[in-house]
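A.B. asks: Fold the following and give me the result.
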Amino acid sequence: MATYVNDLRLKEISTGDESGTWGTSTNRNLELISEAFARGTKDCFSSDADATETIADGATDEVRKLYLKVTSSATLSATRTLTLAPNTVSKVWIIENATTGSQSITLSQGSGANVTIANGEVKVIATDGAGSGAAVYDLFTDLSVAGNFKVSSDLTVSGDLTVSGDDITMGTNTAGHLLVADGTNYNPVALSGDATLASSGAITIANDAVEQAMIADDAVGADQLASNAVVDASVASGAAIDAAKIANGNVSNTEFQALDGVSSAIQTQLDAKTTLAAVYPVGSIYINASNATNPSSLLGFGTWEAFGEGKVPVGKASSGTFGTAGATPGAETDSITLTDTNLPPHAHGAPNKDCGSYSSGQGLTTDSFTINTYCDTNGNSTTRAPLTTDEIFNSSGTDLGSATAFTVDVVQPSIVVYMWKRTA
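C.D. replies: Next comes the predicted model:
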């Protein structure tokens, strides 16, 4: 009895069968083998539901063909499964999804792996014929092409595209063009307007093409500029760059104007100017009204010592008491006491002995000068001991007693300050 257990479902004649017709069966098998290399089309979905296609035993069948265009007389509303039977057939197919409804179809043979073909696409698949657990494989998974792989129409890559070579050759390969996405495709596009791209990759931007308003604040930092990329000629004379755009903006336009007229390095010019240390050379005196801190700390230079404690500076004279710089004549004295020895020689009027009138010109000039008469309160002439020069009497002869010593304040109006002298 004949069987059909092979992968093409050909008729296998049992020993001794089909005497006289064996040639006819053999010829049919040869025709079916040829059919297995052909292209076929079949309506596999007569309804909007999953379907099964079984290769006919020993008879012509579109499903046996190598290239199978799957169509549908029904409009599919969802992805439908097409089961390739029997599940013992191990075979290669090239299957095109030409169904109506723009839906994918899933190819299955058993409980194993399946392959899904999007509408309008073609895949090369193989079944393993493993029975109830049979699987379907996508034969172009991990496909490696040793030579050139040419695509005459569109090439869709759903995953990443890795090009090991250096070049991608396109139908349009104009020098200086860029690949630009338009939302669907990448197209070679030439730079236009104010920028041009050379085949070497160098981009040239036209003069004055980039304006200040086109650059966002803080968009361009030092890392984005090549060394010496911006030179004086690159900045327009009327650019009027605001100081806020320079460094961190802490320097105002007004402060920048203070640099007007600077002809060389600022530090060099400052070094050439008179310094504070030059204003206070060794020997100078520093005065502070309230701060007792050593000037070496306050001014940052020199060696200083306290100077002139309790003394008032006096300008140097050409000679005399104040003729030597650094001399310290005088002493601190609040006052002095005046006695008769401090008084210069002088004269006093005195009555004559007849009390009639005063004799002018008579004076007390020495302790031995003697006037032994004077007028008492009754107008009578009387005698007394000689007067000395430290005795005073009035015009009536009344004794006023000895002169009393008294003090005189000799401290000039002053203000106390801290004074320091630079010694080194």
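A.B. asks: For residue 323, give me its contacts.
C.D. replies: Applying CB atoms under 8 Å, 6 or more residues apart in numbering to residue 323 gives the contacts 316, 317. Backbone N, C-alpha and C define where each C-beta goes, glycine included.
A.B. asks: distance of it from residue 256?
C.D. replies: Distance of residue 323 to residue 256, computed by CB to CB, to the nearest Å: 56 Å.
A.B. asks: same thing with residue 212?
C.D. replies: Residue 212 sits at a distance of 17 Å from residue 256 (criterion: CB to CB).
A.B. asks: Looking at these two, which has the bigger crowd around it?
C.D. replies: Using other CB atoms under 10 Å, the more surrounded residue of residue 212 and residue 256 is residue 256, with 13 against 10.
A.B. asks: right, and the helix or strand after the helix or strand hosting that one?
C.D. replies: Applying DSSP states H and E as the criterion places residue 256 in helix 253-257. Once helix 253-257 ends, the next helix or strand along the chain (criterion: DSSP H and E) is helix 266-272.
A.B. asks: pLDDT on that following helix, on average?
C.D. replies: Averaged over helix 266-272, pLDDT sits at 74.
A.B. asks: contacting residues around residue 141?
C.D. replies: Going by CB under 8 Å, 6+ apart, residue 141 touches no other residue.
A.B. asks: So what's the predicted local confidence for it?
C.D. replies: So, for residue 141, pLDDT stands at 92.
A.B. asks: In a helix, it, correct?
C.D. replies: No. Assigned with DSSP: H, G, I helix; E, B strand; the rest coil, residue 141 falls outside any helix and is coil.
A.B. asks: quick one, phi psi at it?
C.D. replies: As for residue 141, its main-chain torsions (degrees, to the nearest 10) stand at phi -70, psi 130.
A.B. asks: likewise residue 409?
C.D. replies: phi -70, psi 120.
A.B. asks: contacting residues for it?
C.D. replies: Residue 409 neighbours (CB under 8 Å, 6+ apart): 334, 335.
A.B. asks: All the strands of the stretch 151-300 of the chain, residue numbers only.
C.D. replies: Per DSSP state E, counting those that start in this stretch, the stretch 151-300 of the chain carries strands over the ranges 177-181, 186-190, 195-197, 203-205, 285-288.
A.B. asks: so what does the last one touch, helix or strand wise?
C.D. replies: For strand 285-288, the contact count by 3 or more CB pairs under 8 Å, 6 or more residues apart in numbering; DSSP states H and E identifies helix 295-298, strand 418-422 as packing neighbours.
A.B. asks: Make TSV out of those and add mean neighbour count, mean pLDDT and distance to residue 143.
C.D. replies: Listed next are the helices and strands packed on strand 285-288 as TSV, based on neighbours: other CB atoms under 10 Å; pLDDT from 0 to 100; distance: least, CB to CB, whole Å:
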stretch	mean neighbour count	mean pLDDT	distance to residue 143
helix 295-298	14	94	84
strand 418-422	19	95	92
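A.B. asks: Out of the ones you listed, which is closest to residue 267?
C.D. replies: With CB to CB, the closest approach to residue 267 among the helices and strands packed on strand 285-288 belongs to helix 295-298: 23.4 Å.
A.B. asks: By average pLDDT, which secondary structure element in the protein comes out worst?
C.D. replies: Counting by mean pLDDT, DSSP states H and E, the chain has its least confident helix or strand at strand 358-359, which shows a mean of 39.
A.B. asks: Thanks a lot, see you next time.
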